[in-house]
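Trainee: Build me a model:
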Amino acid sequence: MQTLRVENHRVFTHIRRWASAAAVLALTLTAGACTMPRIQGRAESEYEPSACEQALYTAMDADETMRSPLPLPMRYDAARRARDSWLDAAVSCPARFGEGVMRAAQSAARADTMAAYFGLTQDDAGWDEAGVTSLDIDRHRSALDDLVDTAAAADAEDTAGFAFEVLAARQVAGATLSQSDRCKAAAQMLASLGQDDARQGVYDPTPLLDHPGRMTDAATGLSAPTTAVVLMDCARSLIAAAHDARADQTSQAEPTPTDEAWRAYAVQAANHALQAFRLGYSMIDEALFDAEATTNRNSG
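Mentor: Reported below is the predicted structural model:
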């Protein structure tokens, strides 16, 4: 009997050891399994968004703040951030050039309205000076060849310049020779940067003479001041002339000539849209983006 008790004791001892080992192994496996999410989380935290993603995140967040019931100073600051971020999205994101340009101009116009409430003069991020006329012909020649139909873009600017010359001669409100000169200077730069020149110099003035003060925009069916329609049509034409074929851009220490020219071109289009809003063109999303899509289809 004693021998049996001794043997039983040994068996129970082995069983306890095996059970302990199994428990330790189970805990080890469980702990190992618990560490997996931390490894995945670390990988996610090390992910670096592209320039496009960063611009879109910032723009959409600023848009949400701008449209919120927060105090006006916070919404004004958000409108300025949205303006800059949407322009970044236009130049950084594939297939979002037109959207970025138009939303940047919308945000800038909303910042205008808020600034007026404070009695401030809203800056336009230097858009008047930072368009295509800021480029250097030697440095940026052919920089837009793969991105823009420069001949079509130059013709759009030349057409707008002619229209403002006609309207200024009729002393239409908002029509100035300085605006005409800016459009024609942009047309000259675009023609010089490209290979072809489609400018005609003189265009049919009949629609302008028949409706100098106000006209219906053929692209949207909206009635607006003629000066505003001219500039919005120019902005849409610049967007339609852009091939928008760049890959998602990554951050670089120094911008290339193509980067500089592409941003200047985006600024040129956004500035025309902004000036159209300032002159009384509607900022309704449905009209703006439906018209942009129609213009792009027709140009294709």
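
Trainee: which residues sit against the one helix or strand Tyr57 maps to?
Mentor: Here Tyr57, judged by DSSP states H and E, is contained in helix 51-66. With contact meaning Cβ atoms under 8 Å, 6 or more residues apart in numbering, helix 51-66 is reached by 49, 74-75, 78-79, 81-82, 85-86, 88-89, 92-94, 96, 100, 103, 107, 110, 248-251. Any C-beta I mention is one placed from the backbone N, CA and C, and that applies to glycine too.

Trainee: same thing with stretch 158-174?
Mentor: 175-177, 179-184, 187, 199-203, 205, 208-209, 212-213, 225-228, 230-231, 233-234, 237, 272, 279.

Trainee: let's go with 7 Å and repeat that
Mentor: For stretch 158-174, the surrounding residues in contact (Cβ atoms under 7 Å, 6 or more residues apart in numbering) are 175-177, 179-180, 183-184, 187, 199, 201-203, 205, 208, 212-213, 225-227, 230-231, 234, 279.

Trainee: buried ones in the helix or strand where Ala191 lies?
Mentor: According to DSSP H and E, Ala191 maps onto helix 177-193. Using 16 or more other Cβ atoms under 10 Å as the test for burial, helix 177-193 gives 179-180, 182-184, 186-191, 193.

Trainee: Quick check: chain neighbours aside, which residue is closest to the residue positioned nearest the centre of the chain?
Mentor: The centroid of the chain falls nearest to Gly100 when counting by Cα atoms, centre = their mean (2.3 Å). The shortest distance from Gly100 to any non-neighbouring residue, by Cβ to Cβ, 6 or more residues apart in numbering, is to Ala90 (2.6 Å).

Trainee: Quick check: pLDDT value at that neighbour.
Mentor: Note on Ala90: pLDDT of 95.

Trainee: State the distance from it to Ala160.
Mentor: 20 Å (Cβ to Cβ, to the nearest Å).
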